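*Asks:* sequence and computational prediction follow.
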Amino acid sequence: MNLPQSRLGKSCSVVFSFRNEEAVLSELIRRVRSILQIELEKGVAGSYELVFVNDASTDQSLNILLDHAREKDDIRIVNMSRRFGVAPCVMAGFEHASGDAVVYMDADLQDPPEIIPKLLEEWTKDANVDVVHTVRRSRQGESPIKLGLTKLGYFILNRFSDINIPREAGDFKLLSRRVVDRLVSLKANR
């Protein structure tokens, strides 16, 4: 892999907004740690952190995270004071993320963390790349009603917006530090 030296060895934060994900957290952490360890060994990433934003979970999610955080110092936990929903939690994660590249993904394992190396590869190819989107190829396990609403939502967004949003573009994406800092500053200026 012949990548521009300017982005090799940079730090990577992975931000997860979640609520009541006790069933998948251990598997998620195992898979993400394994993937990022390989990226460290290849020299693509210089360091990494996992930033979990807890949207007032009522299950054992926090205890599971605390157990994993004791194993290794790569986990940061942000506990919200009450239930806020996904968007505010993502912003809180961005505020606490320190990486040069910040990957955001849901904690429910609907999107495979094994895509993270591809996101990093695309980001390292060009110093001008600030956002790397993912696009879902399938939506397994979702009802026809939800699929229809999603299709309608993309149609409305693209019909009334000047920005073309790729159909099935998910929340799973990589943002450069420059973009994350800008998003955080926009929130602060509201």
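*Replies:* Structure received. Quantities reported herein were computed from a predicted structural model and do not represent experimental measurements.
*Asks:* which element, helix or strand, includes residue 46?
*Replies:* Assigned by DSSP states H and E, residue 46 belongs to strand 45-54.
*Asks:* chain neighbours aside, what residue packs nearest to residue 122?
*Replies:* Nearest non-adjacent residue to residue 122, counting by Cβ to Cβ, 6 or more residues apart in numbering: residue 132, 4.6 Å away. For the C-beta atoms, the positions are set from N, CA and C on the backbone; glycine is no exception.
*Asks:* repeat for residue 129
*Replies:* With sequence-adjacent residues excluded and distances taken as Cβ to Cβ, 6+ apart, residue 129 is closest to residue 123, at 5.5 Å.
*Asks:* now the strands for this protein?
*Replies:* For the chain, the strands defined by DSSP state E cover 10-18, 45-54, 75-79, 101-104, 131-135, 169-176.
*Asks:* quick one: the closest residue in space to residue 24 that isn't next to it in sequence from residue 129, how far?
*Replies:* Once flanking residues are discounted, residue 24 sits nearest to residue 109: 5.0 Å by Cβ to Cβ, 6+ apart. Distance of residue 109 to residue 129, given as Cβ to Cβ, to the nearest Å: 26 Å.
*Asks:* next up, the contacts around the residue nearest to residue 129.
*Replies:* Going by Cβ atoms under 8 Å, 6 or more residues apart in numbering, residue 123 touches 7, 101, 129, 132, 174, 176.
*Asks:* that older thread, and the strand holding residue 46, what's its mean pLDDT?
*Replies:* For strand 45-54, the mean pLDDT works out to 97.
*Asks:* ok, back up a step: run through the bridge partners of the residue nearest to residue 122.
*Replies:* Going by DSSP bridges, residue 132 is paired in beta bridges with residue 174.
*Asks:* tell me how many other residues crowd it.
*Replies:* 20 (other Cβ atoms under 10 Å).
*Asks:* ok so, going back, what sits up against the strand holding residue 46?
*Replies:* Outside strand 45-54, the residues touching it (Cβ under 8 Å, 6+ apart) are 9-19, 29, 32-33, 36, 39-40, 61-62, 65, 74-80, 89-90, 92-93, 96-99, 101, 107, 120.
*Asks:* only the buried subset of those, as a PyMOL command please.
*Replies:* Buried subset of these, written as a PyMOL selection, criterion 16 or more other Cβ atoms under 10 Å:
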select buried, resi 10+11+12+13+14+15+16+17+18+19+29+32+33+36+39+61+62+65+74+75+76+77+78+80+89+90+92+93+96+97+99+101+107+120
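*Asks:* quick one: residue 176 and residue 106, what's the gap?
*Replies:* From residue 176 to residue 106 the distance is 21 Å (Cβ to Cβ).
*Asks:* many thanks, have a good one.
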